[in-house]
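Asker: next one to model:
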Amino acid sequence: MPRKRAQVTLTDVAKRAGVSVATASKALNERDEVAPGTRQRVLQAAEELSFQPNVLARSLISGNTRTVGLLTDELSAARFAIPVLLGAENALGNEQMSVLLCDARGDAIRRRHYIRTLLARQVDGFIILGDSNEVRPSLTKEIPVPVVYAYCESDDPDDLSVVADDAGGARLAAEHLVSLGRKRIAHITGDPGYRAARDRAAALTEVLDAAGLPLVGEALFGQWSQRWGRHATARLLASHPDVDAIFCGSDQIASGVTEALRDLGRTVPEDVAIVGYDNWEVIATECRPPLTTVDLNLEQLGTTAVRHLFAALDGDRHSGVIRQPGRLVVRESTAVAGLIPPR
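Answerer: Model (predicted):
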C-alpha cells in the first residue's frame, strides 16, 4: 500500500527560502514589511513545494474567513440574476474567496434566517442580488459587515447599489436608429410597473426630442412577451402604417414584432428597423433576422459589485448608486448583412 505523502508545511517553505517561519508567513500574506527579493524567494519556494496554505488557520489569525454571503430572492426564475452571479463568483474566485449562496425565494422569514445563518458562518461581507433592477428595502441595518446591492437599488441612500443603466441603454438604441436616418420611430415595451420599462421609454423620448423627431403614436406598454409584440405591432401599423423603426423593450417583444411585420408583408430592416433589449442570445441570434439589441453587461455588473465590496472590506466604503453601462450589439435587424461592425 503506497505511503501517504507528507503535507508541506510553512516550516518547509521557510527552510527552502532560507528565512524564518515568521518572515515566510508575512511574505505569503503580502505584508508590507517583507523586502521584494525575500518575498519572491518565499513565493518561489512555496511554488516548488506545491505548498497549500491552511485557510482555516489563516482565517483564525486574520479574523477573516475569505467568504462572502450572496443573498437573492428568486434565483430559480431570475434569468437576469444568473449572469450577475457568474460575474460576482468569478471575481471572488480570482481572489481565492468563496461564495455562500442563499435563495430566500421572496420570503421575509426565510431571508432573515439566511442572514443569521451567513453571519454565524462569519462571512466577511454580503452581496444582495436582485433580479429586476428595482428599488428594494435596505437590509443593511440587520447586517454588521459590509454590504453591496447588485442589480437592485437599496432604498437607503447610505447604501451602495450597482444597477444596470436602463436609460443609458435606451439612449444607445435610440441614437443608433436616428443615425440610420429613421424618422418614424415607435416604441413597444413591457409592463409599466417595471422601472426599467419607464426609464427606457423616457430616454427614447429624450433622444427623439433632441433630434427634432416625434415618437410615433405613444409608447405601447404591455407584457414582456412575443405575443404582446405581435399584438402591439398589428395595432401600431393599423394607425401608423408609415413607421420605419421600432425600439422594443425586450428581445422577446422584438421577436414577436419581427414575426408580425413579416406576416404584414414588411421586411426587416429594409422597411422597418428593429432594436431589442437584453441581448438574450437564444432569442436575439435565432430571430429572423437576428436582432440588434442592447446588452446589459450583467457579468461586468457582478464584477463591479465585488470590486466595491473588496474596497469596503479594506475600509474604503462608498454609498449611492453606480449605473453599469450597457453596449449596443448590432445585427441584421438594423444593418444590411455584410455591413455589420465586429462585436
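Asker: helices along the stretch 201-343 of the chain, start to end?
Answerer: Ranges of helices in the stretch 201-343 of the chain, per DSSP state H, counting those that start in this stretch, are 226-239, 251-263, 281-284, 298-313.
Asker: right, so of the ones you listed, which gets closest to Leu180?
Answerer: helix 251-263 (16.0 Å; CB to CB). Quick note: C-beta positions are derived from backbone N, CA and C, even for glycine.
Asker: in that closest one, which residues are buried?
Answerer: Across helix 251-263, burial judged by 16 or more other CB atoms under 10 Å covers Asp251, Gln252, Ile253, Ala254, Ser255, Gly256, Val257, Thr258, Glu259, Ala260, Leu261.
Asker: and the contacts of that helix?
Answerer: With CB atoms under 8 Å, 6 or more residues apart in numbering as the test, helix 251-263 has contacts from 188-190, 224-234, 246, 248, 267-268, 271-272, 274-280, 283-284, 287-289, 291, 293, 333.
Asker: before we move on, back to that, pick the one among the buried residues of helix 251-263 closest to Ala219.
Answerer: Ile253 (12.1 Å).
Asker: what about the closest one, distance to Asp12?
Answerer: Computed with CB to CB, to the nearest Å, the distance linking Ile253 and Asp12 is 62 Å.
Asker: check Ile274 too.
Answerer: For Ile274, the distance to Asp12 - CB to CB - is 64 Å.
Asker: tell me which of those two has more neighbours.
Answerer: Taking neighbours as other CB atoms under 10 Å, Ile274 and Asp12 compare with Ile274 leading, 29 against 17.
Asker: now for the more buried one: which residues touch it?
Answerer: Ala245, Ile246, Cys248, Ala254, Val257, Thr258, Leu261, Val268, Leu291, Thr292, Ser333, Thr334.
Asker: secondary structure element for Ala167?
Answerer: helix 166-179 (DSSP states H and E).
Asker: show me what that helix is packed against.
Answerer: strand 185-189, helix 195-210, strand 245-248, strand 273-275, strand 293-295, strand 327-329 (3 or more CB pairs under 8 Å, 6 or more residues apart in numbering; DSSP states H and E).
Asker: I'd like these laid out as a markdown table, including mean pLDDT and distance to Ala35.
Answerer: Formatted as a markdown table, those follow (pLDDT from 0 to 100; distance: least, CB to CB, whole Å):
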| stretch | mean pLDDT | distance to Ala35 |
| --- | --- | --- |
| strand 185-189 | 98 | 61 |
| helix 195-210 | 96 | 53 |
| strand 245-248 | 98 | 59 |
| strand 273-275 | 98 | 57 |
| strand 293-295 | 97 | 46 |
| strand 327-329 | 97 | 44 |
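Asker: to Ile128, which of the ones you listed lies closest?
Answerer: Once these are compared by CB to CB, helix 195-210 is nearest, at 17.1 Å.
Asker: pull the CA atoms of that closest one into CSV?
Answerer: Coordinates of each C-alpha in helix 195-210 appear next as CSV, following Å, rounded to 0.1, in the frame of the first residue of the first chain:
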residue,chain,number,x,y,z
ARG,A,195,-39.0,51.0,-13.6
ALA,A,196,-36.8,49.6,-16.4
ALA,A,197,-39.8,50.0,-18.9
ARG,A,198,-40.5,53.5,-17.7
ASP,A,199,-36.8,54.6,-17.8
ARG,A,200,-36.2,53.2,-21.3
ALA,A,201,-39.3,54.9,-22.7
ALA,A,202,-38.4,58.2,-21.2
ALA,A,203,-34.8,58.0,-22.5
LEU,A,204,-36.1,57.2,-26.0
THR,A,205,-38.3,60.3,-26.0
GLU,A,206,-35.4,62.5,-24.8
VAL,A,207,-33.2,61.4,-27.7
LEU,A,208,-36.0,61.9,-30.3
ASP,A,209,-36.8,65.3,-28.9
ALA,A,210,-33.1,66.3,-29.2
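Asker: any idea how far Asp124 is from Glu89?
Answerer: 15 Å.
Asker: my error: substitute Gly181 in the last question.
Answerer: Distance, Gly181 to Asp124, using CB to CB: 53 Å.
Asker: higher neighbour count, these two?
Answerer: Using other CB under 10 Å as the criterion, Gly181 and Asp124 rank with Asp124 on top: 20 against 9.
Asker: which secondary element of the protein has the worst mean pLDDT?
Answerer: helix 55-62 (a mean of 46; mean pLDDT, DSSP states H and E).
Asker: buried sites along stretch 186-199?
Answerer: Per 16+ other CB under 10 Å, stretch 186-199 contains these buried residues: Ala186, His187, Ile188, Thr189, Gly190, Tyr194, Ala196, Ala197, Arg198, Asp199.
Asker: and the contacts of it?
Answerer: With CB under 8 Å, 6+ apart as the test, stretch 186-199 has contacts from 132-135, 164, 166-167, 170, 200-201, 204, 215-217, 219-224, 228-229, 232-233, 236, 240, 243, 245-250, 253, 257.
Asker: buried members of those residues into PyMOL, please.
Answerer: A single PyMOL command is used to select the members of those judged buried by 16+ other CB under 10 Å:
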select buried, resi 132+133+135+164+166+167+170+200+201+204+215+216+219+220+221+222+223+224+228+229+232+233+236+243+245+246+247+248+249+250+253+257
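Asker: for Glu299, grab the count of nearby residues.
Answerer: Neighbours around Glu299, by other CB under 10 Å: 19.
Asker: so what's the model's average confidence on the helix holding Ala167?
Answerer: Average pLDDT, helix 166-179: 97.
Asker: number of residues surrounding the nearest residue to Ser98 once chain neighbours are set aside?
Answerer: Nearest residue to Ser98 in three dimensions, chain neighbours excluded: Thr67, at 4.6 Å (CB to CB, 6 or more residues apart in numbering). Look at Thr67: counted by other CB under 10 Å, it has 19 neighbours.
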